[in-house]
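> sequence first, then the predicted structure, then my questions.
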Amino acid sequence: MFPGVDGFHWTFGHIFFLSVFVAVALTILVTLALATLRTARDLRTGKAAGICWHADFGELPEAERRCRHELAGRVEHRTCPNAFDCRSCPDYARFADLAPTVEPRTYGMNYPGDRFYHRGHTWVRPETDGTFAVGLDDMAERIVGKPDTVELPAAGTEIELQGPAWKMSKNRQTIRVRAPLEGTVVATGGAGQGWYLKLRPRGQANLRHLLRGAEVPGWLAGELDRLQLQLTQPDSSPSLADGGILVSGLMDAMPKADWDAALAATFLEP
Amino acid sequence: MTSAATGVVMADRRLQVRGEARSSTARFALWLAPWVLLLALGIYAGGLCLYYGLNQTNMNNRFAFGLWIFLDLGIIALGAGAFFTGFLVYILGRTELKPVLNSAVVLGFICYSGAMAVLMIDVGQPLRAWFTFWHPNVHSMLTEVTFCITCYLLVLTLEYIPVVLRNRQLRKLPPFVVFEHRMHLLMPVLAGIGTLLSFFHQGSLGGLYGVLRGRPFAFRQGFAIWPSTFFLFILSAVAVGPSFLMLVTAAARKLTGRKLVPSNVFPRLGFISGVLLAAYVALKAVDTLIWLNVTSPAVGFAPWEYYAYKPFGTTLLFAEIVVFGLLPAVLLVQGRWLLPGAALACCGILLNRFVLTVQTLALPTLSFDPFLSYTPSWQEVASFGGVVAYGVILYSLSYRYLPLFPQSKEQTHVSGR
């Protein structure tokens, strides 16, 4: 079969078979080598966080990938094609000028208008010194209550948009909070201080990918519906919302609920 | 519960697909236990065959193909769903079949690795496995099969790795996610290579029988160096692959009580399978007529001579072409009885491989030949069972810990189950 080995002859059949076999084997090996080399390049050039986020985004249910303009009622139905990065969305301007149709309400929770909201339940607030404060939004705080542990990145750490910002644990569940903005950590706070991180953005800060105004109530309505469905006991049917307000420390109040799934959906970690 | 048991339960939960309900650890262990026992028995029986040799089987120099080769041909044909689904999704752009792609890859990997394991026992001398590549019999169809199956198992492994890397714990490590992403972008290349390799090894497995001049029951005419069985094997495997994929998915759906794939997937798989099966049945009927009226008489055999030995009567031929061929093709195309149709189609391909393996060797070909009978030894049956158990275990573990059906979360969200 191979030159020099018994039975091989320089005939068309042998050469053809050998060529096809070598071509197939080489293609397989080159494919593997290419994937490995490109992986190494992506890791070296800091593209890993973006790739990981795109992979996770692809696994989110369609209901959780709704475009911000649908949340605000500017369009009837639109699924985000851009992994929530409106900064590079070519269609952003087309919808942004349309009037929102969603009523401004926050379902009894605290969502101040001076902040920008990330769908992983964090907020960003521009500070006067040019930095940006990052904290957990009210819904996440009401769900988690007081975390058992918080692991914050050290000052000087570079964090990437949609990459891990900090970790918390509560009732043996680990929560990885996604970064709503890329930049350098300049200060760390904590649950008691009202903010967790202060970031100095990389270059000119652009917060266009974060939710604000009428988009927030539309998003919150979906999040509350989703949470209610996820926390419904398996053998019971979902019931209509009674207009109540989300209690603080929900994880402690409902220790037997499927928090693994609920936290995965809340913090965009499929 | 002891601390060790608690640790196992916690580890089990940490590995499971996030946000999707799975059975309790104890229930899963109970489900696995009989299969693990069967696998252990299969490994023991295989070990006996490797240690003592093929005298542990009921095969002999006259009946050299038995249960194992039937199993190989059967599972390689059923595993064709892997390459064919990849071909449909990546090459033809039928993205509606993407929800079953991971499952198809795992099934393909199970089928081919299982077939390789059985071949290793059958051929014996695993330490000399490389001889088949370095000193091949260039006149044998099996040489081409060996090369193609080895390469294709490598392709399937490369396709399986990204699915494994989507495990909940592994995906926490960015290098794995990035590698999975990069492999995913190159999947069309692997799908193309997989299609080429599968086309030739499925064909050569059929060609292997078609070139047996000394076995007029199997010998066929054909095109150039390829007998008609070469093409019939490819077409039948491609036709039944989607049916097997559908059956396994339906079984998983039944066992787990979850809606795993969107509702349009089964009808699409069924239609593709049904149309290809109809084409196969038509060609098989033409091939049978040519064989009975031209090929066989030319070598001195009258058609009825093949069917004079019970239990291999004409009923078997009728069952193969009509009951397990034409009927499932109609059921699958019209779409109302998809699962019975898929089950009949899978039985049909197994019957076809059984006929070509066992009936071919059992029938006498020379005037002094007796009608041979063969019953597999317990070692052969146990090895067979071991491969089945291996498949069930690997698929169960993959379902529990890997996103085999990426859209099942969405389906659960929609249906409320």
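Thanks, I have it.
> poorly predicted segments of the chain, please.
This is for chain A. Chain A contains residues with pLDDT under 70 at A:1, A:7, A:233-243.
> that's the wrong chain, I meant chain B
Along chain B, the parts satisfying pLDDT under 70 run over B:1, B:410-417.
> show me where it has strands.
With DSSP state E as the criterion, chain B has strands at B:222-223, B:226-227.
> so which of those strands is nearest chain A?
strand B:226-227 (13.6 Å; CB to the nearest CB). To be clear about C-beta, it is placed using only N, CA and C from the backbone, and glycine gets the same treatment.
> looking at this, residue A:109 is in a helix?
No - per DSSP: H, G, I helix; E, B strand; the rest coil, residue A:109 lies outside any helix segment and is coil.
> so what's the residue count around it?
15 (other CB atoms under 10 Å in any protein chain shown).
> tell me how far it lies from residue A:218.
14 Å (CB to CB, to the nearest Å).
> cool, and residue B:74?
Distance from residue B:74 to residue A:218, by CB to CB: 54 Å.
> and the closest residue to chain B within the stretch 151-270 of chain A, helix, strand or coil?
Minimum separation of the stretch 151-270 of chain A from chain B (CB to the nearest CB) falls at residue A:261, amounting to 4.0 Å. Following three-state DSSP, residue A:261 is assigned to helix.
> how about it, nearest residue that isn't a chain neighbour?
Closest residue in space to residue A:261, ignoring its immediate chain neighbours: residue B:19 at 4.0 Å, by CB to CB, 6 or more residues apart in numbering or on different chains.
> and for residue B:86?
That would be residue B:191: by CB to CB, 6+ apart, it lies 3.8 Å from residue B:86.
> who are the contact partners of the residue lying closest to residue B:71 once chain neighbours are set aside?
Closest residue to residue B:71 apart from its sequence neighbours, by CB to CB, 6+ apart: residue B:384 at 5.4 Å. Listed by CB atoms under 8 Å, 6 or more residues apart in numbering or on different chains, the contact partners of residue B:384 are B:42, B:67-68, B:71, B:118, B:376.
> next: residue B:50.
Residue B:50 neighbours (CB under 8 Å, 6+ apart): B:121, B:124, B:126.
> which of the residues you listed fall within helices?
residue B:121 (DSSP state H).
> export the contacts of residue B:50 to TSV and tack on neighbour count and distance to residue B:3?
As requested, the contacts of residue B:50 are exported to TSV (neighbours: other CB atoms under 10 Å in any protein chain shown; distance: CB to CB, whole Å):
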residue	neighbour count	distance to residue B:3
B:121	24	41
B:124	13	46
B:126	11	41
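> any idea which of the contacts of residue B:50 is closest to chain A?
Here the nearest of those to chain A, counting by CB to the nearest CB, is residue B:126; it sits at 20.0 Å.
> wait, that closest one touches residue B:120, no?
Yes - between residue B:126 and residue B:120 a contact is recorded at 5.1 Å, counting by CB atoms under 8 Å.
> not counting sequence-adjacent ones, nearest residue to residue A:168?
Distance criterion CB to CB, 6+ apart; nearest residue to residue A:168, sequence neighbours excluded, is residue A:147 at 4.1 Å.
> kindly report the same for residue A:178.
If the residues on either side of it in the chain are set aside, residue A:178 comes closest to residue A:120, at 3.8 Å by CB to CB, 6+ apart.
> helix, strand or coil for the one you found?
Going by three-state DSSP: residue A:120 is coil.
> tell me the contacts of it?
Taking CB under 8 Å, 6+ apart, one finds A:162, A:177-178, A:180, A:267-268 in contact with residue A:120.
> now do 7 Å
A:177-178, A:180, A:267-268 (CB atoms under 7 Å, 6 or more residues apart in numbering or on different chains).
> and it, how far from chain B?
Residue A:120 sits 15 Å away from chain B, going by CB to the nearest CB, to the nearest Å.
> thinking the residue nearest to residue A:168 is in contact with residue A:192, fair?
No - with contacts counted by CB atoms under 7 Å, residue A:147 stays clear of residue A:192, the gap being 10.7 Å.
> between those two, which one's more packed in?
Taking neighbours as other CB under 10 Å, residue A:147 and residue A:192 compare with residue A:147 leading, 19 against 6.
> and what about the more buried one, helix, strand or coil?
Put simply, residue A:147 is coil when judged by three-state DSSP.
> residues contacting residue A:246?
Contacts of residue A:246 by CB under 7 Å, 6+ apart are A:109, A:139, A:142.
> doesn't the last one lie inside a helix?
This means residue A:142. Yes - Residue A:142: assigned to a helix according to three-state DSSP.
> from residue A:121, how far out is it?
10 Å.
> check the second one too.
For residue A:139, the distance to residue A:121 equals 6 Å [CB to CB].
> up against chain A, what does the stretch 51-200 of chain B have?
Residues of the stretch 51-200 of chain B lying near chain A by CB under 7 Å from any CB of the partner chain: B:134-136, B:138, B:147, B:151, B:154-155, B:158, B:174-175, B:177-179, B:181-183, B:186, B:189-190, B:193, B:197.
> which positions in chain A make contact with chain B?
Neighbours of chain B within chain A, by CB under 7 Å from any CB: A:1, A:5-7, A:14, A:21, A:24-25, A:27-28, A:31-32, A:34-35, A:38-39, A:42-43, A:48, A:51-52, A:55, A:59, A:61-63, A:260-261, A:264-265, A:270.
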